[in-house]
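Trainee: My questions concern the predicted model and sequence given below.
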Amino acid sequence: MNVWRRLSGPRRAMALAGAGVLVAGGLVTIPVTAAHAATQCDIAYTSNDWPGGFTASVTIKNVGDPLNGWTLGWTFPNSGQRVQQGWSATFTQSGSQVTARSLSYNGTLATGASTSIGFNGAWSGSNPKPTSFTLNGVVCNGGTTPPTDPPTDPPTDPPTDPPTDPPTDPPTNPPGTKVDNPYVGARGYVNPEWKAKADAEAGGSRVSNNPTAVWLDRIAAINGTPDSSSNGAFGVRQHLDEALRQGAGYIQFVIYNLPGRDCSALASNGELGPDELPKYKAQYIDPIAAIQGESKYSSLRIINVIEIDSLPNLVTNTSGQPGGTVMCDTVKANGAYVNGVGYALAKLGAIGNVYNYIDAGHHGWLGWDSNFGPTADILKTAAVASGSTVNNVHGFITNTANYSALTEPYFKVTDNVNGQTVRQSKWVDWNFYVDELSFAQAFRTKLVSVGFNSNIGMLIDTSRNGWGGSARPTGPGATTSVDTYVNGGRIDRRAHLGNWCNQAGAGLGERPRANPATGIDAYVWVKPPGESDGSSKEIPNNEGKGFDRMCDPTYGGNARNGNNPSGALGDAPISGAWFSAQFQELMRNAYPAL
Ligand code: BGC
C-alpha cells in the first residue's frame with residue numbers, strides 16, 4: 001500500500017496557487033475587543049493524569065458580549081504544574097500563571113459560542129485543577145468543571161489518555177444529526193485489542209490509551225476473526241458495544257476490502273478478485289451498514305475511513321506509467337474502485353450518525369499538479385457513483401499508514417538556495433508541497449473547487465510521522481546547494497518519499513486531537529502503531545497478502561522510489577500483524593517525544 005509514482009514532464013503551478021490562497025486566508029488579523037464590552041465566561045477544565053504528566057482540555061464559553069480575540073488566564077494551584085505543549089492557543093507560563101491567547105481562527109466568539117483548547121503538561125506532587133479563570137482580565141463566573149447542569153455545548157477535545165471511569169459528558173449531538181466536526185467535544189474509542197498489544201510492550205502504556213482505527217480488512221472481520229494474525233477477535237458490533245461501554249463519543253473504522261485491493265502493490269492485496277464488486281456490496285458493505293445503522297448506536301459518531309490507496313492508483317499507477325500494473329488497469333476499466341467507493345459512501349452515508357472520510361493519498365504521491373487535479377476529479381466521480389452524492393462525503397484523510405512529515409520546520413517550498421528553488425532538489429523533485437499539512441489544506445481547497453461541500457474537513461494520519469529521536473535535524477541544512485540545504489534540514493529521514501513500508505527511523509507523530517489547524521478536523525491514528533505494513537520476506541498466509549519487495553530491507557528499489565533502498569525494517573511480519581521492534585522504535589523516535 002501507499003504507493004508513490006515519480007513524475008516526468010512539465011508541471012504547472014496551479015496547485016501552489018491554491019495553497020497561497022489558503023495561507024493568506026489564515027493570516028487575517030482580528031481587531032481587538034471593544035473597550036467597554038461586558039465580558040463573561042464559563043470555563044470547563046478537564047484533565048487526564050498519569051504519573052508525572054497530563055493532558056488538559058479547556059472549553060471557553062462566551063456568555064458575555066461577542067469577543068474578537070481573547071486571552072484566558074489561570075494560576076496553577078501547585079508550583080510543580082507546567083504547560084509543555086499546547087494547541088489551539090498560544091500558551092505562556094510564568095511561575096504558576098498561565099496565559100493562553102486565541103489564534104486567528106478561533107478568536108471570534110459570538111455570545112453563547114464556545115471554543116476548546118488543550119495542552120500536554122507535567123506535574124510533580126499533585127495535579128489539582130485550577131479553580132479560577134480570567135478572560136480578557138475579567139474573572140469568569142461560570143466556575144470550573146464539571147458544570148452541575150448537563151452542558152449545552154460540546155465537551156472538550158478528546159483526551160489522549162481517557163480516564164478508565166465512564167465519562168460524565170453525555171453525547172452532544174441529537175441522534176441522526178451530523179455535526180460539522182465529529183471529533184470536537186468527543187472522546188475517541190480506544191480499541192482494546194490494540195491497547196492490549198501496546199500495553200504488553202515495555203513503555204507501551206504511555207501511548208496505549210490513544211484512539212486508533214479498527215480496520216475491517218476482510219468480510220470475516222465484520223463478525224471478528226479470532227484466529228487471524230492481523231485482525232482481532234472483535235467484530236463490528238463488539239467494537240460498537242465496547243465504545244458505548246467506554247462512553248466514547250466517536251469510533252473510527254477503516255473500510256478496506258475493495259475488489260482487486262491495493263492494485264499497485266502486493267503487501268496488502270485482499271480477498272476479493274477484481275470482478276467481485278457484487279460480493280463487496282452484498283457481503284461486505286451491506287452488513288457493515290446494517291450494524292452501524294442499529295438504533296442502539298445512534299449516539300455514537302461513527303467515522304468511516306473509506307478505502308485506503310484506491311482511487312489515486314487509477315490516476316498514477318495504470319500500465320504505461322512507471323511501475324504501473326495490469327491490476328490497476330483492470331479495476332479502472334471495470335469500475336470496481338469507483339463504483340465500490342460510491343456504493344460504500346451511499347450506504348454508510350445514509351446513516352445519520354455516520355461520517356465518511358475518503359482516503360486522499362499524501363503529498364509525496366499527489367503533490368504534483370499532474371496528479372493533484374486528476375485525483376480530485378476521480379474522487380468526485382466516485383462520490384457521485386452508484387447513486388451517491390457529495391453529501392455522503394464528510395471529508396478526506398491524507399497520509400494514512402504513511403510516514404510523510406506533518407510539517408517541515410527547516411525549509412519551505414518557496415525557499416531558494418544560490419538562486420535555485422528547493423523544488424529542484426532531489427528530495428522535493430518538483431513537488432509543490434514539502435509536508436502533509438500544507439498539502440492537506442491545499443487539497444481541501446481543490447476538492448471544494450471540483451464540487452465537494454465547502455464545509456468538508458481533512459484528517460491527517462499522524463500515527464507514524466513523528467521523525468524525532470537523535471537523527472532529527474535541529475536547524476536548516478548548509479546552503480552549499482539545494483540538496484545540502486534540503487537534506488540537512490529535512491526531518492523526514494527516508495531515502496525517498498516513495499518509500500512506504502515499515503520505515504526505519506520513524507517515530508510516533510502528533511497524538512490524536514480535534515481541530516488542530518485550519519481546515520483539518522483532526523489528527524488521527526488510523527494505522528495502529530506497531531502493526532506491520534508488510535512482511536520483509538515471503539510469508540505464506542491465508543489472507544491474500546503478497547510479498548512486496550518495498551518491505552525488504554535488502555531491496556534496491558525501482559522507478560517509483562527513484563531506485564533507492566526500501567528503507568524498511570527487517571524481520572517484519574505480514575501487514576497488520578504486530579511488529580514489536582517497530583513499535584519500540586516508534587516510541588523511541590516519537591515527536592512530540594513521549
Ligand atoms: C493490512 C490490514 C491491517 C491494516 C492495519 C494493512 O496494511 O493489510 O490487514 O488491518 O494494515 O494494520
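Mentor: Looks like it came in fine. Numbering: from 1, shown residues only.
Trainee: ranges for the helices of the stretch 101-250 of the chain?
Mentor: In the stretch 101-250 of the chain, the segments counted as helices under DSSP state H, counting those that start in this stretch are 192-199, 236-246.
Trainee: no wait, the stretch 301-450 of the chain
Mentor: Counting by DSSP H, counting those that start in this stretch, the helices of the stretch 301-450 of the chain are 311-316, 326-333, 336-349, 363-366, 369-383, 436-449.
Trainee: K195 reaches N209, doesn't it?
Mentor: Yes. K195 lies in contact with N209 (Cβ atoms under 8 Å); the separation is 7.0 Å. Placement of C-beta: from N, CA and C, glycine included.
Trainee: coming back round to it: of the helices of the stretch 101-250 of the chain, which is nearest the ligand?
Mentor: Closest approach to the ligand among the helices of the stretch 101-250 of the chain (Cβ to the nearest ligand atom): helix 192-199, 9.0 Å.
Trainee: who touches that closest one?
Mentor: Counting by Cβ atoms under 8 Å, 6 or more residues apart in numbering, helix 192-199 makes contact with 204-205, 207-209, 212, 232-234, 242, 528-531, 578, 583, all of which sit outside it.
Trainee: Mind listing what's buried along that helix?
Mentor: For helix 192-199, the buried set under the neighbour-count rule, 16 or more other Cβ atoms under 10 Å, comprises P192, E193, W194, K195, K197, A198.
Trainee: Is that helix positioned near the ligand?
Mentor: No. Helix 192-199 lies out of reach of the ligand by Cβ under 6 Å from any ligand atom, never closer than 9.0 Å.
Trainee: quick one: that helix to helix 236-246, angle?
Mentor: Using axes from the mean of the first three to the mean of the last three Cα atoms, to 10 degrees, the inter-axis angle of helix 192-199 relative to helix 236-246 is 70 degrees.
Trainee: S124: neighbour count?
Mentor: The burial count assigned to S124 is 12, neighbours taken as other Cβ atoms under 10 Å.
Trainee: you'd agree it is up against F76?
Mentor: No. Applying Cβ under 8 Å as the test, S124 and F76 come out as separate, 11.6 Å apart.
Trainee: coming back round to it: make a markdown table out of the helices of the stretch 101-250 of the chain and add distance to N563.
Mentor: Shown next, in a markdown table, are the helices of the stretch 101-250 of the chain (distance: least, Cβ to Cβ, whole Å):
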| stretch | distance to N563 |
| --- | --- |
| helix 192-199 | 35 |
| helix 236-246 | 42 |
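Trainee: The ones you listed: which one's closest to R588?
Mentor: helix 192-199 (14.4 Å; Cβ to Cβ).
Trainee: and whichever residue of the stretch 251-400 of the chain sits closest to the ligand, how many neighbours?
Mentor: Scanning the stretch 251-400 of the chain for proximity to the ligand using Cβ to the nearest ligand atom identifies S268 as nearest, at 3.6 Å. Per other Cβ under 10 Å, the neighbour tally for S268 reads 25.
Trainee: separation between it and A198?
Mentor: Here the criterion is Cβ to Cβ, to the nearest Å. By it, S268 lies 22 Å from A198.
Trainee: How about A478?
Mentor: With Cβ to Cβ as the criterion, A478 and A198 are 39 Å apart.
Trainee: can you check A89 too?
Mentor: Noted for A89: a distance of 30 Å to A198, by Cβ to Cβ.
Trainee: go on, Q292?
Mentor: To A198, Q292 is 26 Å away according to Cβ to Cβ.
Trainee: again, but for C140
Mentor: When distances are taken as Cβ to Cβ, C140 and A198 turn out to be 38 Å apart.
Trainee: for D369, same thing?
Mentor: Counting by Cβ to Cβ, the separation of D369 from A198 is 40 Å.
Trainee: Could you do M550 as well?
Mentor: Plainly put, M550 is 25 Å away from A198 if you go by Cβ to Cβ.
Trainee: Looking at the stretch 101-250 of the chain, what residue ends up closest to the ligand?
Mentor: The ligand sits closest to W215 of the stretch 101-250 of the chain, with a gap of 3.4 Å, by Cβ to the nearest ligand atom.
Trainee: mind giving me the domain ranges of the protein?
Mentor: The record assigns the chain these domain ranges, following automatic domain parsing: 22-140, 192-588.
Trainee: Would you mind finding the most buried of those?
Mentor: Compared across the domains of the chain, domain 192-588 shows the largest average neighbour count, a mean of 21 (mean count of other Cβ atoms under 10 Å).
Trainee: In the stretch 301-450 of the chain, what residue comes closest to the ligand?
Mentor: Going by Cβ to the nearest ligand atom, the ligand is nearest to A401 of the stretch 301-450 of the chain, at 6.2 Å.
Trainee: Surely that residue is in contact with P529?
Mentor: No. With contact defined as Cβ under 8 Å, A401 and P529 do not form a contacting pair (10.4 Å).
Trainee: what's the overlap in contacts for those two?
Mentor: Common neighbours of A401 and P529 (criterion: Cβ under 8 Å, 6+ apart): S463, R464.
Trainee: Below-threshold pLDDT in the stretch 151-300 of the chain: ranges please.
Mentor: Counting by pLDDT under 70, the stretch 151-300 of the chain has low-confidence residues at 151-176, 227-231.
Trainee: State the mean pLDDT of the helix or strand hosting T99.
Mentor: Take DSSP states H and E as the rule and T99 turns out to sit in strand 97-101. For strand 97-101, the per-residue pLDDT values average out at 88.
Trainee: List the residues that contact N78.
Mentor: Residues touching N78, when contacts are defined by Cβ under 8 Å, 6+ apart, comprise S96, W123, G125, S126, N127, P128.
Trainee: Mark which of the residues you listed are part of strands, please.
Mentor: In strands, judged by DSSP state E, none of the contacts of N78 are found.
Trainee: Format these as TSV; extra columns: distance to the ligand.
Mentor: Putting the contacts of N78 into TSV (distance: Cβ to the nearest ligand atom, whole Å) gives the following:
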residue	distance to the ligand
S96	43
W123	34
G125	40
S126	39
N127	34
P128	40
